[in-house]
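*Asks:* sequence first, then the predicted structure, then my questions.
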Amino acid sequence: MKLVADESIDRGIVERLRADGHDVLAIAECDPSISDDEVLDRANAEGSLLLTGDKDFGELVYRLNRIHAGVVLVRLAGLSEDAKAKIVAEVFRGREQELVGGFAVISPGMVRIRQTLPPDP
């Protein structure tokens, strides 16, 4: 699966997803400090899901009706980098297809996925 990882995503998560065969473009490696709008534009241009720890993407999707291929919000504060990477990898392994076109929140012990509708023309 093609992913764009926002700067807020730990390096360990990026490395684990790559090791699992995902094509991950890490913003921290190629274009640090770009705006959230630019990150979402980049994910859309790549046809990729966006992986982020930044709740502001919820506003872009829900309030501003920005088009996206899928957003995965990682809310695993307080866990070790290895634990975060393991949890995120398990979600992608078990629920990958559900993530496409949705807005998912990964938190300790829970994954919520809400399919989003395209904006009205």
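*Replies:* Thanks, I have the structure now. Treat the numbers as computed from the prediction; the structure is a model and nothing was measured.
*Asks:* which secondary structure element contains the nearest residue to Leu60 once chain neighbours are set aside?
*Replies:* Sequence neighbours aside, Arg66 is the residue nearest to Leu60 in space, at 4.4 Å (criterion: Cβ to Cβ, 6 or more residues apart in numbering). Using the backbone N, CA and C atoms, a C-beta is placed for each residue, glycine as well. Here Arg66 is covered by no helix or strand, with elements defined by DSSP states H and E.
*Asks:* now Arg66: how far from Gly58?
*Replies:* When distance is defined by Cβ to Cβ, to the nearest Å, Arg66 is 10 Å away from Gly58.
*Asks:* which one's more surrounded, these two?
*Replies:* Each of Arg66 and Gly58 had its neighbours counted (other Cβ atoms under 10 Å), and the higher figure belongs to Arg66 (18 against 14).
*Asks:* over to the more buried one: give its phi and psi.
*Replies:* Main-chain torsions, Arg66, degrees, to the nearest 10: phi -70, psi 140.
*Asks:* report pLDDT for it.
*Replies:* As predicted, Arg66 sits at a pLDDT of 85.
*Asks:* one more: Gly101?
*Replies:* Model confidence at Gly101 (pLDDT) stands at 89.
*Asks:* same question for Leu40.
*Replies:* What the model reports for Leu40 is a pLDDT of 93.
*Asks:* check Arg18 too.
*Replies:* Residue-level pLDDT assigned to Arg18 equals 98.
*Asks:* contact partners for the nearest residue to it once chain neighbours are set aside?
*Replies:* Distances taken as Cβ to Cβ, 6+ apart put Val24 closest to Arg18, at 5.2 Å, once the chain neighbours are dropped. Contacts for Val24 were tallied using Cβ atoms under 8 Å, 6 or more residues apart in numbering; they are Leu3, Val4, Ala5, Val14, Leu17, Arg18, Leu51.
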